[in-house]
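Trainee: give me a model of this one.
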Amino acid sequence: MKFKSKKYSIDSTDYQVGQDNVSKWGMDIHSNVFSISIGLSLLFIITLLALPPSETKDAINTIKNAALVNFDFVFMWGANILLLFAIGIAVSPLGKIRLGGDKATTDYSTLSWISMLFAAGMGIGLIFWGVAEPTAFYTDWAGTPLNAEPFTEQGREIALGATVFHWGLHAWAIYGMTALCLAYFVYNKGLPLSMRSIFYPLFGDLVWGKLGDVIDVMAVLVTLFGLATSLGLGGSQAASGISHVLGFENSLLLQQGIILLIMGLAILSIIRGMDGGVKLLSNINMGIAFVFLALIAILNFTTVLDSGYTAVVGYVKNIIPLSSSTGREDTEWLHSWTVFYWAWWVAYAPCFGMFVARISKGRTIREFLVYVLLIPTLVTTAWMSVFGGIAIDQVINEIGVLGADKGITDVSLSLFYMLDAYSFSTVLSLLAIALIIIFFVTTLDSGSIVIDSLTSGGKLEVPIKQKLVWTNIAGIIAMLMLWIGGTESIQALQYITIIAALPFTLILLLGSISLVKGLITELETHK
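Mentor: Numbers count the residues shown, from 1 in each chain. Model prediction:
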C-alpha cells in the first residue's frame, strides 16, 4: 500500500497486522485479547450470577453514581472537546484529506452509508425514548432540565430542546471522532482495525504490546456488555409491546424468545455478508422508520410543525447552558440524564466507531464529519420533535393514556400508549415492534463484527465463524441475566459499562490528539 506519508504508518514499524494471531478451532484470533476478553467476561458474569441480583445492582449503582457525580466534568467537557475537535478538523485544511488516499473510492452509496451508521448508532434508542424522554422532562417525571417549570410553555420548549441536545451534535461527535480516528489510521496508514492503532503516534511500538492489549480488551468488554444490555432491555421492551398489543403474557419465556429471534436474524445477516446482511437490513429499516415518521407527522401536521420549531429553538437557545457542568441548580437531573447519556455514548463509541470506520473508505474527512454530525442530528430532531411533541400535546389536552396519567408511568410502554390514541393503533404498534426488532438485529450484527475485529488483531477479513461466536455470547449473556435476576441483573451490567466509560472518555480525548498528529503528516508532504 502506498502512503502519502510513511510517518506513523505500518511501514514505520516492524509490526505486521495479525502477527500475534493463532489459529484455533478454525478461527484466526489474537491470543491475548481473545483469551483475556473471554476470561474476564466469564468472571464478570459468574460473579454477577453468584450474588443476589438486587444487592449486586445496588452496590454497582452506588459506584456508578459516584463516578457520574464526582467526575461529571470529565464527561461533560469530554463531549464538548470532542465536538470542538470535530468542527475544527472539518473546517480546517485537514478536512480535504480523503480516507484511503486521494484516489480511494467509496464502497457504499451515501444513502446506504447513512442508513448503516444510523441503524448501528441510535436507531433503537429513538424508538424507546422518542415519547418517554420529552414527556418526562415536561412533566417532571425525574426532574426537569435547567429546573424549568413543568407543564408550562417554557417547560415544553426546554423539554424538547434538551431531548434533541442528548441525541444531537455532542452525541454524534463522540461517535464520529472515534470512527474517524479508526478509519484514518486503518485506510491512510495501513494499521490494524483495532482501538490500539489510534495511539501509535503517541506511544509508538508500545501499542503492539501489553498497553495495546489493555486498550483492546477494554473496548471488547464495553462493547460486549453494551450489546448484552441492549439485548436484554430491548427484549423486555419488545415483549412489553407484544403483550400490550396482542394480549400475550409478558413472561420470561416471551422475552427469551424475542432475544433468540434477534440472535437468529443476526446470525443470518452475518452469514449473508455486509451487502446482503446489515446493509440490506439498514436500508429496509430506515425505509420503515421514515414511513412510520411521515405517517404520524401527517396525522398531526399542525402539532408537528409547532413542536419541530419549538424543539429547534429550545436546542439552539439552551445548548450552551446544557453543555456546562458548573453553576447548575439542576444537578440531580444533570447526573441522571446528561452525564449518564454522555457516559453511555462513550461506552458504545468503540462499537459504533469501528463499524462506521469499516464502511467509510473513500470519503473526505470533511464529508465524513459533516454527514456524521448533521444528518443524524437532523433526523433525531425530526423524530424526537414529532413523537415527543405529540406525546406532550396528548398530556396537555388529556388525550389517551398519557393524558389521563398526566405523563408516563411505564417507560417501555410510553410509545404504545401514545399510539393507542389512534383508530388503527394496532397496525402502528406492530410497525413499531418490527422496527425495534430489526434495529436490534443490525446493532447485534455490527457489534459482533466490531468485537471480532478487536479479537482478531485488527484484520478486516476473518472466518465467519468468529463473528457468530460473539453474536451468541452477547445473546447468551442477556438471556442468563434475565433468567437469573431479570431487569435488575441487566441494569447491573449496564452500570458496569457506564463505570468503564470514565477511563474511556480520556482514551477518546487522547485518540483525538493522536489523530491530529497523524493528519498533520499528510499536509507536511506538500511543503
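
Trainee: from now on I want contacts and neighbour counts done on CA atoms only, so please keep to that.
Mentor: Will do.

Trainee: burial count for the closest residue to residue 425 other than its chain neighbours?
Mentor: Nearest residue to residue 425, sequence neighbours excluded (C-alpha to C-alpha, 6 or more residues apart in numbering): residue 419, at 5.3 Å. The number of residues packed around residue 419, counting by other C-alpha atoms under 10 Å, is 23.

Trainee: next: residue 107.
Mentor: Using other C-alpha under 10 Å, residue 107 is surrounded by 14 other residues.

Trainee: again, but for residue 246
Mentor: With other C-alpha under 10 Å as criterion, residue 246 counts 12.

Trainee: against residue 417, how distant is it?
Mentor: Per C-alpha to C-alpha, to the nearest Å, residue 246 is found 14 Å from residue 417.

Trainee: do the same with residue 64
Mentor: Using C-alpha to C-alpha, residue 64 is found at 31 Å from residue 417.

Trainee: between those two, which is the more surrounded one?
Mentor: Neighbours were counted for residue 64 and for residue 417 using other C-alpha under 10 Å; residue 417 has more, 24 against 21.

Trainee: right, and the helix or strand after the strand or helix carrying that one?
Mentor: Assigned by DSSP states H and E, residue 417 belongs to helix 414-419. Using DSSP H and E, the helix or strand that follows helix 414-419 in sequence is helix 425-454.

Trainee: helices or strands next to that next one in the packing?
Mentor: The contact analysis (3 or more C-alpha pairs under 8 Å, 6 or more residues apart in numbering; DSSP states H and E) places helix 425-454 against helix 110-121, helix 123-129, helix 210-246, helix 252-274, helix 280-299, helix 340-358, helix 414-419, helix 464-524.

Trainee: check these for me and report the most buried one.
Mentor: Of all the helices and strands packed on helix 425-454, helix 340-358 carries the top mean neighbour count, a mean of 26, counting by mean count of other C-alpha atoms under 10 Å.

Trainee: which neighbouring elements make contact with that one?
Mentor: Right, helix 340-358 is packed against helix 72-91, helix 110-121, helix 169-187, helix 210-246, helix 425-454, helix 464-524 by 3+ C-alpha pairs under 8 Å, 6+ apart.

Trainee: how much does the helix or strand that it is followed by deviate in direction from helix 280-299?
Mentor: The first helix or strand that comes after helix 340-358 along the chain, using DSSP H and E, is helix 365-396. For helix 365-396 against helix 280-299, the angle by axes from the mean of the first three to the mean of the last three C-alpha atoms, to 10 degrees is 40 degrees.

Trainee: buried stuff in helix 365-396?
Mentor: 365-366, 368-373, 375-377, 380-396 (16 or more other C-alpha atoms under 10 Å).

Trainee: could you check how far it is from the centre of its chain?
Mentor: Chain-centre distance of helix 365-396: 15 Å, with C-alpha atoms, centre = their mean, to the nearest Å.

Trainee: list the contacts of the following helix or strand past it.
Mentor: Counting by DSSP H and E, the next helix or strand C-terminal to helix 365-396 is helix 400-405. Under the criterion C-alpha atoms under 8 Å, 6 or more residues apart in numbering, residues 391, 394, 395, 396, 397, 398, 408, 414, 417, 418, 420, 421 lie in contact with helix 400-405.

Trainee: now swap in stretch 209-227 and tell me
Mentor: 32-33, 36-37, 41, 194-196, 206-207, 347-348, 350-351, 443-444, 447, 451, 454-455, 474, 493-494, 497, 500-501.

Trainee: give me the mean pLDDT for stretch 392-404.
Mentor: Stretch 392-404 carries an average pLDDT of 94.

Trainee: may I have it exported as CSV, CA atoms only?
Mentor: Extracted C-alpha coordinates of stretch 392-404, given in CSV (Å, rounded to 0.1, in the frame of the first residue of the first chain):
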residue,chain,number,x,y,z
ILE,A,392,-46.8,16.3,25.2
ASP,A,393,-49.8,17.5,23.3
GLN,A,394,-51.7,14.5,24.5
VAL,A,395,-50.7,15.3,28.0
ILE,A,396,-51.8,18.9,27.7
ASN,A,397,-55.2,18.0,26.1
GLU,A,398,-55.8,14.9,28.2
ILE,A,399,-55.8,12.5,25.3
GLY,A,400,-55.4,8.8,25.8
VAL,A,401,-53.4,7.1,28.5
LEU,A,402,-50.7,9.7,28.6
GLY,A,403,-53.3,12.4,29.0
ALA,A,404,-55.2,10.5,31.7
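
Trainee: shaky segments in the protein?
Mentor: 1, 25, 119-123, 274-278, 460, 524-527 (pLDDT under 70).

Trainee: would you check how far apart residue 51 and residue 498 are?
Mentor: In this view, residue 51 and residue 498 are 20 Å apart by C-alpha to C-alpha.

Trainee: with residue 380 instead?
Mentor: Residue 380 is 23 Å from residue 498, by C-alpha to C-alpha.
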